[in-house]
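Visitor: Sequence plus the predicted model coming up.
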Amino acid sequence: MAVVNLTDARVRALPLGSGIHRDERVKGLMVVCHKTTKTYAVQGDVRRNGRHVRTVRVKIDRVDRIGLAEARRKAKALMSQIQSGVDPTAGPDETGITLAQALEEHIGERSLRPTTERSYREHVEKYLKRFRSRAVTDITRQDCRELLDTLTERHGRTTAAAVMRTLRLLINTAMRIDETIDRNPMEAVRIPIPPRREVGALDLPAFWRETEALAPIMRDIHRTFMMTGARRTSVLTLGRGDVDLDRRVLRFGHMKTGGQLLFPMGPYLTDMLAKRLKEDEPLNSRWLWPSPGSALGHVREPKRDNIPSPHVLRHHARTLMIAAGVPYAESALLLGHRLPGASGGYVHPEHLVEALRPHAEAYERLILDQAI
């Protein structure tokens, strides 16, 4: 690539097909000699915030259409833009949005549950710490692949999969804001599927004996998990006002699918929770499962040795509902699932409490018949 003091005569004398000839007087100006034509062009490096963004080349015009003086004037104007960090060939300007900023945008765009927001923040602050302040446009496919390998090795497949899903959705959010990010580098990563949790058979009599040996409040918590099949947080965040003894309805306000679930209580569950409310009344707590020593004010960790977890009990609830003769749709609604298909969106479980009650009571009777 020759650098010469160009003149109009020298430009005309340059042989076709001889490649690129740079002008020594105007930075970035060049004459590109193709096989059949010669053109003026300017080339320079776009830099922003001290980092190299890209090298751009802009065609000015053919040498038989404009003179060297005009080409130099246009080249100076274009180089001024390039050196200011502006890409003359680009469409929208790059925002330089960082992963931390993308997180705030994502949270601001949606109405997320507090637990979901905390999870996203933990992923960014703990596992994506080295990407936190980086411009999203600078995150490469190789960065994503290396991150997945590191997370899997240090924290396991389940954590790695959750963090990588967070990274993918935050980059998607950044792409909506910064149109210069044309592809998500997470496309190059196959997010691992967490290992399927194996759930063994449930010995209901043993479960009943083990829970009977617990403190009364913990006994009632675990039996509520069993009687409702509800998720861990749904049960633990129940307030005293969520128990309607007159209607025999339990209101779950924290649902993974959003909204609330009105669960029709059977006789045993109703009687058990009525006694729980009466016994805990002197504590003057708004929670159904009060715990004065907890920062949250209620029981936070129900896990006990030899007793299945709430998630495992939820699996068994689905199975036992089938054994009790509860139809598929009704058992799904009792568990707070959304029914599949377009018609599922038209089903409002809160209007079906009494229609679901016979099924909830059939499920409760099965448990008591097998457990006691």
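Guide: Structure received. Remember, it's a predicted structure, so these values are computed and weren't measured experimentally.
Visitor: going forward, measure contacts between C-alpha atoms and count neighbours the same way
Guide: Will do.
Visitor: give the contact list for the residue lying closest to G345 once chain neighbours are set aside.
Guide: Nearest non-adjacent residue to G345, counting by CA to CA, 6 or more residues apart in numbering: L339, 7.4 Å away. Applying CA atoms under 8 Å, 6 or more residues apart in numbering to L339 gives the contacts 329, 332-333, 345, 347.
Visitor: Closest one of those to R154?
Guide: A332 (37.0 Å; CA to CA).
Visitor: wait, is the residue nearest to G345 part of a helix?
Guide: No - going by DSSP: H, G, I helix; E, B strand; the rest coil, the assignment for L339 is coil, not a helix.
Visitor: start the count at 50, not 1, going forward
Guide: Okay, residue one is now 50; in that scheme the one you just asked about reads as L388.
Visitor: And the helices in the stretch 250-399 of the chain, which stretches?
Guide: 253-261, 265-277, 281-285, 316-329, 359-372, 377-383 (DSSP state H, counting those that start in this stretch).
Visitor: quick one on the thing from earlier: pLDDT check: weakest of the contacts of L388?
Guide: Lowest-confidence member of those: G394, scoring 74 (pLDDT).
Visitor: Distance-wise, check that one relative to F301.
Guide: Going from G394 to F301 by CA to CA, to the nearest Å gives 20 Å.
Visitor: All the strands of the stretch 50-199 of the chain, residue numbers only.
Guide: Using DSSP state E, counting those that start in this stretch, the strands of the stretch 50-199 of the chain run over residues 51-53, 68-72, 78-82, 87-97, 100-111.
Visitor: Find the nearest non-adjacent residue to A262, please.
Guide: R268 (7.6 Å).
Visitor: Neighbours of that neighbour, how many?
Guide: When neighbours are defined as other CA atoms under 10 Å, R268 has 17 of them.
Visitor: for it, what are its contacts?
Guide: 260-262.
Visitor: Now do it, the pLDDT please.
Guide: In this prediction R268 is given a pLDDT of 96.
Visitor: mind checking how far it is from R353?
Guide: 10 Å.
Visitor: Return every residue with contacts to both of these two.
Guide: In contact with both R268 and R353: no residue, using CA under 8 Å, 6+ apart.
Visitor: residues contacting E261?
Guide: R268.
Visitor: Tell me which residues of stretch 345-354 come out buried.
Guide: 347-349 (16 or more other CA atoms under 10 Å).
Visitor: May I have it as CSV, with CA atoms only?
Guide: These are the backbone C-alpha positions of stretch 345-354, laid out as CSV (Å, rounded to 0.1, in the frame of the first residue of the first chain):
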residue,chain,number,x,y,z
LEU,A,345,-39.2,-11.9,57.6
GLY,A,346,-41.5,-12.5,60.5
HIS,A,347,-42.5,-16.0,59.3
VAL,A,348,-41.0,-19.4,58.9
ARG,A,349,-38.4,-19.3,56.1
GLU,A,350,-36.9,-22.7,55.9
PRO,A,351,-39.3,-25.7,56.5
LYS,A,352,-36.8,-28.4,55.5
ARG,A,353,-36.5,-31.3,57.9
ASP,A,354,-34.7,-34.6,57.7
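Visitor: average pLDDT for it?
Guide: Rounded mean pLDDT across stretch 345-354 is 87.
Visitor: list the buried ones in the longest helix along the chain?
Guide: Scanning the chain for the longest helix, with DSSP state H as the assignment, gives helix 206-226. Neighbour-count burial for helix 206-226, counted by 16+ other CA under 10 Å, picks out 206, 208-213, 215-224.
Visitor: now do stretch 401-409
Guide: Quick answer for stretch 401-409 (16+ other CA under 10 Å): 402, 405-406, 408-409.
Visitor: Now go through those and say which are in strands.
Guide: Among these, none falls in strands (DSSP state E).
Visitor: tell me the domain boundaries of this protein?
Guide: 51-132, 148-237, 253-420 (automatic domain parsing).
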